[in-house]
Every structure is written in C-alpha cells, then in structure tokens.
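Student: Requesting a structural model of the entry that follows:
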Amino acid sequence: MSLTGSDEDVAAAFGAAAAEADLVLDYLWDRPAELALDGILRHRADLARPLRWVQVGSAAGADMTLPSAWLRKADVHVCGSGLGSISGARRNACLRELLDRLPSLEPTTEPVTVPLAEVETAWQAPVSPGTRIVFTTPAAEADPAVGNRRRAASAGGAGARGAV
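Tutor: Model prediction:
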C-alpha cells in the first residue's frame, strides 16, 4: 500500500484494504499508524468487533497521536511486542509448543513464489483463493531447497501474502 497522497486518501485506502482486519502488526507507528487506525475505524462495519493493534516497530517514528475517542468508539486493543512484553518463561513455553506442533502441520494453501524485488507489483495483484504469495530472497532463489523448506513452513490462510 502506498503512503503517498493526502492524509485523507491514505486513511481511506487503509480503510478500504483493512477495515475488517482482526489483527494489525504495526512496524511503522507514527503518522502511518494514525492514518491506518483512523481509516480502519471509519470503514469498519462492526465497531464492536475486536481489533488488536500490535506495535512491533517504529520505522516511521517513535510517537503516535491516539485520540481517546478512538478507544471509546471501538473495541481496539493496543499492545506492544518486544522482549519486555512477555516473560521469558511464557516465551519459552510458546516456542516449545510451536516446535512440537510443526511436524504435524499440513499446508492449507498453495504457495506462489515471487522474488522480493517484485513486491510492489505482486502486492497490488489479485490473489487467488487457496494460494499464498511467498516473497523469496535471492538466497532462496539460488538454493531451491531453502526456498521449499521456507515455503512449506509458511503456509497460511487463503489469499494471503507472506515473506521468507
């Protein structure tokens, strides 16, 4: 999604693309997060449907204005994800559980590989149901065995996009 254009256009684009999201992993924060949350809340059909906003990084800046009205008008939960947001014991337990489950997981979608250099074009293209775009790095493209292992481990929901 492009962040160029007027604030109103960017917020509307976020709203059109993600109004019904349940979870946002925010690596940007700052003004892009403000515009995204504003757009999502303006376009969301059911404001009582929970939206979990996880602040992961601050590539666009360290501060965000969060109007109190947004928290009162919708079921929005804002939290952070970092080493301090979960205890070491809980993190270890989750990782052990994940590792235990990995061997039994079956892919639910067919991966469609796209070189990371083509991310902008692929991101705008429609995604067929039952497929998942997996962006590959030059290392994965040079060694198909690496790419295949990563693609197998990244199977997800229908019409999804992911990166390896």
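Student: Show me how far stretch 30-48 is from its chain's centre.
Tutor: Mean-position distance between stretch 30-48 and its chain equals 15 Å (CA atoms, centre = their mean, to the nearest Å).
Student: My error: substitute stretch 47-54 in the last question.
Tutor: With CA atoms, centre = their mean, you get 14 Å for stretch 47-54.
Student: going on from the helix or strand residue 39 falls within, what's the next piece of helix or strand?
Tutor: Using DSSP states H and E, the element containing residue 39 is helix 30-43. Next along the chain after helix 30-43, taking DSSP H and E as the criterion, comes strand 51-55.
Student: Could you list every helix and strand in contact with that next one?
Tutor: Judged by 3 or more CB pairs under 8 Å, 6 or more residues apart in numbering; DSSP states H and E, strand 51-55 is in contact with strand 23-26, helix 30-43, strand 76-80. (Glycine included, C-beta is placed from N, CA and C.)
Student: winner for burial among these?
Tutor: Burial of the helices and strands packed on strand 51-55 is given as mean neighbour count (mean count of other CB atoms under 10 Å); helix 30-43 ranks first at a mean of 20.
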